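# structure for this input, please:
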Amino acid sequence: MNKYFLPFIFSAVLLITVSCEKEKDPFLISKKSIGLLTDSTQVSQLKTIYNNDSLVFVKDKSEFIDDGRDIEIYDKTGKPLLVLTPSKASDSLATIQTIKIMDPRYKTAKGLSTLSTFADIENNYKISSIQNTFKNVVVFVNEIDAFFTIDKKELPAELQFNLDAKIEAVQIPDKAKIKYFMIGW
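Next comes the predicted model:
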């Protein structure tokens, strides 16, 4: 009788363990993953990961840009979720290099999303650096491999047109909105 009872106990414990495991949040952003997408995910795996969503392989008509570089992901209602840029264009074995977060449901463990402001970034993460570009300010957070683009229109007038200005965190208004939220691996 013991030979039948022991496998039953083992199966029951295994079933309980598997059912108690926490399901991975499909919208959680961490240092090496965004939901089910990780820093080692290959382009060939995207159809399996996003089997309920639509994948669009963007073909750029410009002669200066590679064809088939970006991959846009839309949910079943047509709402944009992510824009993925592979490390190598038109290569199914390439991994994802950058991810543009489009949907506000994607959040970090500390609640940062596309709807966040500069104050949310500053209050939750250590800012690694700030870069001044032609139309934007890019705020880097190495802790989560993220960079946030803020339109210079959100800055005081004296900083909007000065490309040489070294912009400090104290110069960016707390209410400055995030224009783009991107992850770079």
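# show me what contacts residue 178?
Residue 178 makes contact with 114, 115, 116, 117, 118, 121, 148, 149, 150, according to CB atoms under 8 Å, 6 or more residues apart in numbering. Every residue, glycine included, has its C-beta placed from N, CA and C.
# 6 Å instead?
Contacts for residue 178 (CB atoms under 6 Å, 6 or more residues apart in numbering) come out as 116, 148.
# quick one: it and residue 93, what's the gap?
As judged by CB to CB, to the nearest Å, residue 178 and residue 93 stand 32 Å apart.
# cool, residue 27 as well?
Noted for residue 27: a distance of 27 Å to residue 93, by CB to CB.
# same thing with residue 45?
10 Å.
# so the residue lying closest to residue 79 once chain neighbours are set aside, which of the three states?
Among residues not flanking residue 79 along the chain, residue 103 sits closest, at 6.6 Å (CB to CB, 6 or more residues apart in numbering). When classified by DSSP: H, G, I helix; E, B strand; the rest coil, residue 103 comes out as coil.
# neighbour count winner among residue 27 and residue 93?
The neighbour count for residue 27 versus residue 93, taken as other CB atoms under 10 Å, is higher for residue 27 (15 against 11).
# right, and the more buried one touches residue 105 too?
Yes: between residue 27 and residue 105 there is a contact under CB atoms under 6 Å: 4.6 Å.
# sorry, back to before: pretty sure the residue nearest to residue 79 contacts residue 83?
No: if you go by CB under 6 Å, residue 103 and residue 83 don't touch, sitting 10.7 Å apart.
# what about the nearest residue to residue 37 once chain neighbours are set aside, how many residues nearby?
Nearest residue to residue 37 in three dimensions, chain neighbours excluded: residue 49, at 6.2 Å (CB to CB, 6+ apart). Neighbour count of residue 49, defined by other CB under 10 Å: 16.
# the one 3 residues further on now?
The tally of other residues near residue 52 (other CB under 10 Å) stands at 7.
# once you drop chain neighbours, what's closest to it?
residue 76 (6.0 Å).
# three-state assignment of the one you found?
coil.
# same deal with residue 45?
In three-state terms, and counting by three-state DSSP, residue 45 is helix.
# strands of this protein, start to end?
28-30, 33-34, 37-38, 54-57, 71-74, 80-86, 96-101, 107-108, 129-132, 136-141, 146-151, 180-184 (DSSP state E).
# between the ones you listed, which one is closest to residue 162.
Nearest of the strands of the chain to residue 162, taken as CB to CB: strand 129-132 at 7.9 Å.
# so what touches the closest one?
By CB under 6 Å, 6+ apart, strand 129-132 touches 138, 139, 140, 165, 167.
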